[in-house]
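> Have a look; sequence and predicted model below, questions after that.
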Amino acid sequence: MASAATTTDVLIVGAGFAGMYMLHKLRQAGISGQVVEAGSGVGGTWFWNRYPGARVDIQSLEYSFGFDEGLQREWRWSERYAPQPELLAYADHIADHFDLRRDIRLDTRIAAATWDEAAQRWRIATDTGDGYDCRYFILATGCLSIPTEVSFPGIEDFKGSIYRTSRWPHEGTDFTGQRVGIIGTGSSAIQSIPVIAAQAAQLTVFQRTPNYSVPAHNGPIPPADLEAWERDPRGYRAASRDTVGGFQNEARTDVLATESSPEDIRAELDRRWAWGGFRLLGAFGDTAIDPAANRIIQDFIAEKIREQVADPKVADLLTPKQHYFGTKRPCVDTGYFATFNRDNVELVDLHAAPIVTFNTGGIATTARQHDFDAMVLATGFDAMTGAIDRIDIRGVGGRRIQDHWAEGPRTYLGLTVAGFPNMFTITGPGSPSVLTNMINSIEQHVEWIADCLSWLADRQMASIEATPEAEAAWCRHVAEAVTPTLLPTANSWYMGANVPGKPRMFMPYAGGLNTYTDICNQVAAKGYEGFTIRAGETILSDSREFSSHPPMPDIPAKLMPIIVERLTAAGFMPA
Ligand code: N01
């Protein structure tokens, strides 16, 4: 028999960085909260993704919280890009520093959440048979937390070990002397391949789509960054948040590759390549829009791959040709391409020789049998909606979130969903989230939600619900923001393209974290426009529209024809 539900103001799902900061922020506001976490520890992404070589790919100085002066002062990163154990230690430190663990329940999954219209509360059921009774329900479930359910024929017959990068065993692995195969060449694979290759007797990489990757140049934190941060941590954080991507990358929106001389292009790209990481993305203002400009960076990276890989045929196979640079999330690597120069590493092109089946010994492709002691699946995630979809969430009138999202996720501001009152998503679909430094997006969301709940409490309001009109307007704006760019052209997980049957829709908001933050602040300043706010029969506000659109950015004249053409074709501008 189910035990009595625990009563709390807020139930938070997930004890990653988002869930933990949410809990802390609520406590500061005098609101009670409980966190439920499926894992047996805190840390979210960094709890699960323990594969060899896992590390952050935004500089740690920026991929860390700025909300607490003490936390900032006492935590020191050992490297430019912290490795997974250090990030997990940071998560544990946050849990201890802010005494969060007493309100975090581990090893428990939220199975169902039902809105009780009469009581204006959520009734939550866990997979252990008990539940919660709460006013607010906050999904801090992460954007990349549910692995895709790839299944290969015969996989159950394989006699060796099978590992998933996203569910790596906590005791670690030792591939010494083993023949290892890895499927996938996304970020997880690109980080783990060099490390596994250095340990295993033999590593075979099964590649379906080559990916763009830039060197991390990991090492000590660059002195200039450290000095800038130490001089003014608050200012440094604010500068990071006031960017499109939530990190500083010297973005030059007004300099176009197609208007620059070959010498200037080369010097700029070389400088950014030498600095490493995502700074390459900010080199020119037209790369994300103009195919000709994108081609310039593609050619540059192709040349860099040829420089790193001794065998021209292998270099060619490793060179992306099917998508524009930046339209799938670029990878940041440490020695990835050079790994293919090792005698114990082989690249299998799955386009030339697709996998036919797994078998007891390993994998049979159309070309031949490959025998392994261990297989690694680095095959990706059901991104952005996967974790939410797997909870049986029922809003007003019993409507299921899966039905509301049948044609793709619909949200207002990536924070709320019409018909699902008092439910919030941290870095949900329709927010900048995965296109940004997640920590800065998390901070912005958590602070906005906490302010909103305090505002409601001050006015003794019981519920807040996005109006269908505001949600529709936001969805339109999300689509409008990405339409001028090349982003929708790739078969990316941003588009849901990696999950069979998932609706094709560009899920994150491409308008930039800085712009987005302004919009969210305007919505709040207008008394939460686009929301119906009520307590019982009392309706405090029912402003149905969403009018806080950002001002038009300064767009270089040369890009206007492309942008107008795409917006017109998509119906955002009259023909
Ligand atoms: O997953 P992915 P990931 N047969 O989806 C291949 C973040 N992240 O875990 O491209 C054969 O990128 C698939 O091939 P294709 C980051 O945001 C961050 O690597 O579909 N191959 C692809 O090569 C990242 O973008 C860090 O043709 C199959 C790969 O598997 C996101 O997580 C580190 C296949 C999946 O790549 C996801 O990265 C790691 C099949 N049936 C991850 N199915 C940081 O550094 C899939 N593939 C912070």
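Perfect, I can see it now.
> now do the same end-to-end measure for stretch 175-182.
12 Å (C-alpha to C-alpha, to the nearest Å).
> Need the mean per-residue confidence for that stretch.
Stretch 175-182 carries an average pLDDT of 98.
> what sits up against that stretch?
189, 192-193, 196, 199-206, 362-363, 370-378 (C-beta atoms under 8 Å, 6 or more residues apart in numbering). Using the backbone N, CA and C atoms, a C-beta is placed for each residue, glycine as well.
> For the one residue in the chain that gets nearest to the ligand, which non-adjacent residue is spatially closest?
Using C-beta to the nearest ligand atom, Gly186 is the residue of the chain that sits closest to the ligand, at 2.2 Å. Among residues not flanking Gly186 along the chain, Gly380 sits closest, at 5.8 Å (C-beta to C-beta, 6 or more residues apart in numbering).
> My read is that the one you found contacts Ile183, right?
No: in this structure, Gly380 is not within contact of Ile183 by C-beta atoms under 8 Å, at 10.2 Å.
> What are the buried residues along the helix or strand of the chain with the lowest mean pLDDT?
Here the helix or strand of the chain ranked lowest by mean pLDDT, DSSP states H and E is strand 538-542, holding a mean of 80. Neighbour-count burial for strand 538-542, counted by 16 or more other C-beta atoms under 10 Å, picks out 540-541.
> Please pull up the helix or strand immediately following it.
helix 560-569 (DSSP states H and E).
> picking up where we left off before, sheet partners, orientation included, of the least confident helix or strand of the chain?
strand 531-535 (antiparallel) (DSSP bridges).
> just to revisit the earlier point, what degree of burial does the residue of the chain closest to the ligand show, as a neighbour count?
Neighbours of Gly186 under the rule other C-beta atoms under 10 Å: 20.
> The one 4 residues further on too?
The number of residues packed around Ile190, counting by other C-beta under 10 Å, is 25.
> Could I get the contacting residues of it?
211, 213, 331, 333, 336.
> One more pass at 10 Å, please.
Neighbour list for Ile190: 53, 57, 184, 205, 211-213, 330-334, 336-337, 339, 378 [criterion: C-beta atoms under 10 Å, 6 or more residues apart in numbering].
> Can you pick out the most distant pair from those?
Asp57 and Val205 (19.5 Å; C-beta to C-beta).
> which of the two has more neighbours?
Val205 (25 against 22).
> helix/strand/coil for that one?
strand (DSSP: H, G, I helix; E, B strand; the rest coil).
> Beta-bridge partners for it, please?
Ile182, Leu347.
> ok, now which ones touch it?
Counting by C-beta under 10 Å, 6+ apart, the residues that Val205 touches are 180-185, 189-190, 193, 196-197, 318, 339-340, 345-349, 376, 378.
> ok, which of the contacts of stretch 175-182 also contact the ligand?
Filtering those for proximity to the ligand by C-beta under 6 Å from any ligand atom leaves 189, 378.
> Please produce a PyMOL select command covering the buried subset of the contacts of stretch 175-182.
Applying 16+ other C-beta under 10 Å to those, the buried members can be selected in PyMOL as follows:
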select buried, resi 189+192+193+196+199+200+202+203+204+205+206+362+363+370+372+373+374+375+376+377+378
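> picking up where we left off before, closest one of the contacts of Ile190 to Tyr21?
Asp57 (20.8 Å).
> mind checking pLDDT for that closest one?
95.
> Do a quick rundown of the strands in the stretch 1-150 of the chain.
Listed in chain order, the strands of the stretch 1-150 of the chain (DSSP state E, counting those that start in this stretch) span 6-13, 33-36, 104-105, 110-116, 121-126, 131-139.
> Drop anything exposed from the contacts of Val205.
Here, 16+ other C-beta under 10 Å leaves 180-185, 189-190, 193, 196-197, 318, 339-340, 345, 347-349, 376, 378 buried among the contacts of Val205.
> ok so, going back, residue contacts, the residue nearest to Gly186?
Per C-beta under 10 Å, 6+ apart, neighbours of Gly380: 144, 147-148, 150, 165-166, 184, 186-189, 493, 498-499.
> Next, it: phi, psi?
phi 100, psi -170 (degrees, to the nearest 10).
> Can you verify my assumption that Val396 contacts Phe420?
Yes: using C-beta atoms under 10 Å, Val396 makes contact with Phe420 at a distance of 7.4 Å.
> Those two: who's more crowded?
Phe420 (23 against 12).
> Beta-bridge partners for that one, please?
Val417.
> List the residues that contact Met22.
Per C-beta under 10 Å, 6+ apart, neighbours of Met22: 10, 12, 14-15, 33, 35, 138, 140, 424, 426, 442, 445-447, 449-450.
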